[in-house]
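Asker: Let's see this in three dimensions:
(2 chains)
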Amino acid sequence: MSNSKFTRRGLLKTSTLAGAGLALPTIFTGASAHAFTNDPTGGSVTLGFNVPQTGPYADEGADELRAYELAVEHLNGGGDGGMMNTFSSKALDGTGILGKKVEYVTGDTQTKSDAARASAKSMIEKDGAIMITGGSSSGVAVAVQGLCQEAGVIFMAGLTHSNDTTGKDKKANGFRHFFNGYMSGAALAPVLESLYGKDRNAYHLTADYTWGWTQEESIKASTEALGWNTVNAVRTPLAATDFSSYIAPVLNSGADVLVLNHYGGNMVNSLTNAVQFGLRDKQVNGKNFEIVVPLYSRLMAKGAGENVKGIHGSTNWHWSLQDEASKAFVKSFGTKYGFPPSQAAHTVYCQTLLYADAVTRAGSFAPCAVAEALEGFEFDGLGNGATLYRAEDHQCFKDVLVVRGKENPTSEFDLLEVVEVTPAAQVTYPADHPMFAGGSLGSCNNGA
Amino acid sequence: MLGLNKKDTTLLIIVAFMALCAPFILNPFPEGSSMAQMFNAGYPDLMQRFVIFGILVIGFNILFGLTGYLSFGHAAFLGIGSYSAVWMFKLIGMNVIPAILLSMVVSGVFALLIGYVSLRRSGIYFSILTLAFAQMCYNLAYSVLGNPASSYNLTNGETGLQLSLNDPRILDGAASSEGSLPVTNFFGVAMRDSVQLEIGSWLFTFNAGYYLCALIMLISFYVSIRIFRSPFGLMLRAVKSNQQRMNYTGLNTKPYTLAAFVISGIYAGLAGGLLSSMDPLAGAERMHWTASGEIVIMAILGGVGTLIGPIVGAGFNEYFKNILSKINDSVLHQWLSFLPDGLEDAIVGVLHFFVGKGWHLSLGVLFMVVIIFLPGGLVEGGQRVSRLFRRNKTSDDADNASHSTPAE
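Answerer: This is a model prediction of the structure:
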């Protein structure tokens, strides 16, 4: 064992370390000159696209990524401009954002809150992303939104349908273009009433996380208002792939409607299981057994194949819409990738344009300035008709589509038909609605 | 020094030096270059993960490396620690010390209960029991205790437990009135605070949270060395080599294995508490059996039963997980743009399966390579290299092997 170690070398080492330690605070003052987190200084600006590339929502994630790439191309002046030409705000001119070329980084959320936060953190801390967008799961969206609020960057939510995203867990730095569970319920209820009548017994199978819970609550509330009875509501794990053990009890429950609060791969599997069990050919209480999928998308319809025929649900947007904006978007997406975009692709494309436009109108990348430009912003020409970004909860209010699985599809993409376009006024709710209560936006955060 | 022999002191100093200089070591490429974009790992979140998972695997190694009991449910303690810490932030205040202490205590209690039952069996039966307990914890956290509609919502299910503006925070409740969430701190030093140093085109980030984690990792590492070298550690090794014989000599091994299990559980809880302290969100996925499997993989990757192995394994795993999953096709095209177009597309087409969403595949291949060619883990690789350079000093070899014996 060595005792006395006061050598010249040791002394030198120690004093160097001490010197470095003392010097640190002075470096800190230099670094804090930036007014907000990741202030872009060079000729380019980095956006972070955080989407699920693995897990039950991987299909949606892949389509989102395609739309992000398309949006970046359009922002930088490439391609045919897509919906930039139809967008009611003309601030964007195809030279990037505020003259800075748009670059992007991608990450895999794995449809897990933990992994999504780690991925978003690395984008903010390592890649200098000024805005994070994406997420195909409300659990992930809520978790990442919280992170962005703390870190002081803007979060533009992708595909997230839970009431909580702009309800209980809303944040000043987070914005959602997509619709939510309450809107689905409000849009679906009148259609369900006219189709299936007022005397029905519903059985819910619900994905066990924030989206499933709030959608179940919303659908229950709006169907029970019609006079429907809810027999049972069963929670299924998000990672489940086989639902036969959940479907079997439905047969003997006395229910005559099955509501699948499932999305993506979950819905494809549960619907397939339900059809295999012969639910759709059954007669219960003298009525045909029906299945409802409140949140529907073309990718899911494609996954479930034949089984979706005649099944009703709601969706944010569909490629067969005939307004100028939708046609322009379908055209440029189709030209680049060879097939029409999904609703997930549409919403993230809109979010990217809306962010870029807000930055341009604000004249600054500072999150608080961008948030101010987005709050109360009214726009049109992004495929959903006239839309409002409400200032109170950062939720977009626009028309909701009720769709049905097509009986005679003409192509592999022509799987859904629009039954009804529910006007925005019918799905609008007060910001303090009880289903959305319990949270507050807080104040916007510019970060360091 | 500190009651360690010369060899261990050197090891401790090396680890301390690496931890201190990690921001430099992990950022070898200048800021803004395309290599930096992918391979630099010197940003706070990843550095924190390196040391936190290091702590986790150091603890796991005390159980698996010394006694040979393969716990397949260690992620449960990580999760329990995380939840405890977040609850402490919600109820008491944003200082990390009470949170870390509570996470150690709670996970210790759980380890005592789970260990008491599981250690009645050994070998594969023990592994299955711990796996079952961990999955039970996971399901409780994911579903049963995580339903916001019920009155006992402890974990908030899939979304994960988060802070909110109207938490009580008895000690520093005033912070919530400003409209933004308070941040975790160590007596006023925010965990997220970073100091940046620019040298030429290099940018180095020194993060307060990282240095706290690194300090705690060094303490954990020191404690682990002391356990390895103590009579208690010797007893644990004896359990590994022949527990039956020990029982026949009239020695009750149960208290020793249970103590090792609890210590190991506390280490995992400490890691969980630190994870929450760095980023106050606790998700149920942390307790999933795949997370437990990852801990085993990290331990084996680094070298089971060695002192430094766990840290190496944890770092290796986290690094590749983070780096590979972020490489996408456009990055590959950028790197290979010097090749002719057809060849470039072909190579990108093949590599596509190994990066981005295919990162599991690459990590699996790396794991297989290490297991096949270096059964003793990466530490064995290090030993082979050092032996190559010191072939003439053979006397050192025997000495070297004694302080880091690979798993048998």
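Asker: So which residues of the stretch 251-400 of chain B form helices?
Answerer: B:254-278, B:289-302, B:309-324, B:329-335, B:341-351, B:359-373, B:378-389, B:394-403 (DSSP state H, counting those that start in this stretch).
Asker: Just the CA coordinates for the third one, please, in CSV.
Answerer: Pointing back at helix B:309-324 there. C-alpha atoms of helix B:309-324 as CSV (Å, rounded to 0.1, in the frame of the first residue of the first chain):
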residue,chain,number,x,y,z
GLY,B,309,-17.7,-6.4,-17.1
PRO,B,310,-21.1,-5.1,-16.1
ILE,B,311,-20.3,-1.5,-16.9
VAL,B,312,-18.7,-2.4,-20.2
GLY,B,313,-21.7,-4.6,-21.2
ALA,B,314,-24.3,-1.9,-20.2
GLY,B,315,-22.4,0.7,-22.1
PHE,B,316,-22.0,-1.5,-25.2
ASN,B,317,-25.7,-2.4,-25.3
GLU,B,318,-27.0,1.1,-24.7
TYR,B,319,-24.7,2.6,-27.3
PHE,B,320,-25.6,0.3,-30.1
LYS,B,321,-29.3,0.4,-29.2
ASN,B,322,-29.3,4.2,-29.5
ILE,B,323,-27.1,4.6,-32.4
LEU,B,324,-28.4,1.8,-34.7
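Asker: So what touches it?
Answerer: With contact meaning C-beta atoms under 8 Å, 6 or more residues apart in numbering or on different chains, helix B:309-324 is reached by A:118, A:122, B:15, B:38-39, B:41, B:46, B:49-50, B:53-54, B:56-58, B:60-61, B:65, B:217, B:221, B:294, B:297-303, B:354-356, B:358-359, B:362-363, B:366, B:377-379, B:382, B:404. Where C-beta positions appear, they are placed from N, C-alpha and C, glycine not excepted.
Asker: If you average the pLDDT over that helix, what comes out?
Answerer: Averaging pLDDT along helix B:309-324 gives 89.
Asker: re the thing from before, put the buried members of the contacts of helix B:309-324 into a PyMOL selection.
Answerer: PyMOL command restricting these to the buried ones, with burial defined by 16 or more other C-beta atoms under 10 Å in any protein chain shown:
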select buried, (chain A and resi 118+122) or (chain B and resi 15+38+41+46+49+50+53+54+56+57+58+60+61+65+217+221+294+297+298+299+300+301+302+303+354+355+356+358+359+362+363+377+378+379+382+404)
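Asker: who's in contact with the residue nearest the centre of chain B?
Answerer: Of all residues in chain B, the one closest to the mean position by C-alpha atoms, centre = their mean is residue B:53, 1.2 Å from it. Listed by C-beta under 8 Å, 6+ apart, the contact partners of residue B:53 are B:271, B:298, B:314-315, B:317-318.
Asker: what do you get for residue A:72?
Answerer: A:47, A:102-104, A:352.
Asker: can you name the two of those residues that are farthest apart?
Answerer: The distance between the two most remote of the contacts of residue A:72 (C-beta to C-beta) is 12.8 Å, for A:103 and A:352.
Asker: who's more crowded, these two?
Answerer: The residue with more neighbours, out of residue A:103 and residue A:352, is residue A:352; 27 against 20, by other C-beta atoms under 10 Å in any protein chain shown.
Asker: isn't there a strand covering that one?
Answerer: No: using DSSP: H, G, I helix; E, B strand; the rest coil, the assignment for residue A:352 is helix, not a strand.
Asker: do you know how far it is from residue A:49?
Answerer: Distance, residue A:352 to residue A:49, by C-beta to C-beta, to the nearest Å: 9 Å.
Asker: what sits in contact with each of these two?
Answerer: Residues touching both residue A:352 and residue A:49 by C-beta under 8 Å, 6+ apart: A:68, A:133.
Asker: pLDDT averaged over the strand or helix carrying residue B:97 - what is it?
Answerer: According to DSSP states H and E, residue B:97 maps onto helix B:96-118. In this model, helix B:96-118 has a mean pLDDT of 96.
Asker: just for the chain, where's the confidence low?
Answerer: You didn't say which chain, so I picked chain A. A:1-34, A:448 (pLDDT under 70).
Asker: hm, I was asking about chain B
Answerer: By pLDDT under 70, the weakly predicted segments of chain B are B:1, B:148-151, B:173-179, B:391-408.
Asker: Count the neighbours of residue B:389 for me.
Answerer: Other residues lying near residue B:389 total 8 when counted by other C-beta under 10 Å.
Asker: what's the answer for residue A:95, then?
Answerer: Number of residues near residue A:95 (other C-beta under 10 Å) recorded here: 14.
Asker: Next: residue A:328.
Answerer: Residue A:328: 20 neighbours (other C-beta under 10 Å).
Asker: if you skip the residues just before and after it, what's nearest to whichever residue of the stretch 51-200 of chain A sits closest to chain B?
Answerer: Closest to chain B within the stretch 51-200 of chain A is residue A:53: 3.5 Å, counting by C-beta to the nearest C-beta. Closest residue in space to residue A:53, ignoring its immediate chain neighbours: residue B:357 at 3.5 Å, by C-beta to C-beta, 6 or more residues apart in numbering or on different chains.
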